[in-house]
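Engineer: A predicted structure for the sequence below; I have some questions about it.
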Amino acid sequence: MSGLILAFAEQRNKAFRKPAFEVVSAAASLAKASGGEAAALLVGAGIEGLAADLGKYGVSKVVVLDHEDLDAFNGELYAKAVCQAVEKMGPSTVLFPGSSQGKEIAPRVAAALAVGIAGDCTEMAIEDGKVIARRPIFAGKIHAWVESRSDILVATLRPNVFSIKETGGEAAIEKLDFTPPAEPVKAVLKEVLQEAGDKIELTEADIIVSGGRGLKGPENYKMLEELASALKGATVGASRASVDAGWRPHSDQVGQTGKTVSPTLYIACGISGAIQHLAGMSSSKYIVAINKDADAPIFKIADYGVVGDLFEVVPAMIEEAKKLT
């Protein structure tokens, strides 16, 4: 296998998502450190026009698999498309975003190729000429550096952790033919349900205001929504206790059984800090905890802690945040 680092550039509705640029930038950085080459892989239908945009993130080549069967996302078909590209290109490492798409495709690709996989990586590096990955284990209690014993390493990168780096370069665009499988796919996408409004996806948000049992009821989440609105570019999350109580939808849940997030700022309001919740947000760059219990576990990992009644603290934060806009 070559020293080629291949990055899966996720697109939805013929538009790139933020994690796509993070993965492509990570591939370019690894290639530079190893003296190898970085390429981006673009899969879909009617997406060839997007390819040129990826060159400015440091890859020397963008490989496009454009086929009508790949219009609507299908994990089985997309995985086959990636495998076909890997077999033709021979990369040593294949990177995916740790999004819902990436988490579905990456294991399928690793299984089909019978190679190693590292999930939810928070750091990548070169050691002795090989790509190694740092990832949390045991619910984030410790981190481990891992490498693949197979010829190829497949990895998913946690969103919002890897920096997007524009180099201003251009990339050669190469088209590959996609050969649909002879047998029918096992699952077909019938409908995509999207939330109303323009709410920012939790895993891509720079600021998250999360609420827990301390909010006492679903009606009080309006206060957190107001704070998120005042902070600009923020979104609202929730603990498992709030979701289990029916106060918030599961799509808002942060934690081991919800979403893993890494925002620049995470504000935990009325959240005690159970290990399951910490596993989903401990990699946030800055953590602010508001809780009237001074012994709440959340304070052990918080950068800033406020021991007080959130119903007094949050309204004061809203007023101060509004002054900044």
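Structural biologist: Structure received. Residues are numbered from 1 along each chain as shown.
Engineer: strands of the stretch 101-250 of the chain, residue ranges please.
Structural biologist: Secondary structure of the stretch 101-250 of the chain (DSSP state E, counting those that start in this stretch): strands located at 116-121, 123-127, 130-137, 142-146, 153-157, 172-175, 207-211, 234-238.
Engineer: which one, of the ones you listed, ends up nearest to Ala79?
Structural biologist: Using CB to CB as the criterion, the shortest distance between Ala79 and the strands of the stretch 101-250 of the chain is 10.7 Å, found for strand 153-157. Quick note: C-beta positions are derived from backbone N, CA and C, even for glycine.
Engineer: now tell me what touches the closest one from outside.
Structural biologist: Residues outside strand 153-157 that contact it (CB atoms under 8 Å, 6 or more residues apart in numbering): 19, 22-23, 26, 92-98, 102-103, 106, 109-110, 113, 115-121, 124, 130-131, 133, 147-148.
Engineer: PyMOL command for the buried members of those?
Structural biologist: Selecting the buried subset of the contacts of strand 153-157 in PyMOL, with 16 or more other CB atoms under 10 Å as the burial test, is done by:
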select buried, resi 19+22+23+26+92+93+94+95+96+97+98+102+106+109+110+113+115+116+117+118+119+120+121+124+131+133+148
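Engineer: flag the shaky bits of this protein, pLDDT-wise.
Structural biologist: By pLDDT under 70, the low-scoring segments of the chain are 1-2, 194-198.
Engineer: break it down into its structural domains.
Structural biologist: Per automatic domain parsing, the domain ranges recorded for the chain read 4-175, 202-323.
Engineer: mind checking the end-to-end distance for the longest one?
Structural biologist: With CA to CA, to the nearest Å as the measure, the first residue of domain 4-175 is 17 Å from its last.
Engineer: now the helices for the protein?
Structural biologist: 18-34, 75-89, 100-113, 221-231, 240-244, 275-281, 310-323 (DSSP state H).
Engineer: need these in JSON lines with distance to Val59, can you?
Structural biologist: Conversion of the helices of the chain to JSON lines gives the following (distance: least, CB to CB, whole Å):
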{"stretch": "helix 18-34", "distance to Val59": "6"}
{"stretch": "helix 75-89", "distance to Val59": "12"}
{"stretch": "helix 100-113", "distance to Val59": "17"}
{"stretch": "helix 221-231", "distance to Val59": "34"}
{"stretch": "helix 240-244", "distance to Val59": "39"}
{"stretch": "helix 275-281", "distance to Val59": "31"}
{"stretch": "helix 310-323", "distance to Val59": "38"}
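Engineer: any idea which of those helices is most buried?
Structural biologist: Compared across the helices of the chain, helix 18-34 shows the largest average neighbour count, a mean of 24 (mean count of other CB atoms under 10 Å).
Engineer: quick one, that one and strand 116-121 angle?
Structural biologist: 120 degrees (axes from the mean of the first three to the mean of the last three CA atoms, to 10 degrees).
Engineer: helix 18-34 to helix 100-113, inter-axis angle?
Structural biologist: Using the same axes, to 10 degrees: helix 18-34 against helix 100-113 is 50 degrees.
Engineer: residue numbering should commence at 269 henceforth.
Structural biologist: OK, 269 is where the count begins now, so the last one is helix 286-302.
Engineer: for Asp334, name its beta-bridge partners.
Structural biologist: Beta bridges link Asp334 to Gly312, judged by DSSP bridges.
Engineer: now for the residue nearest to Leu483 when sequence neighbours are not counted, how many residues are close by?
Structural biologist: Leaving out its chain neighbours, the residue that sits closest to Leu483 by CB to CB, 6 or more residues apart in numbering is Gly538, at 5.1 Å. By other CB atoms under 10 Å, 27 other residues sit near Gly538.
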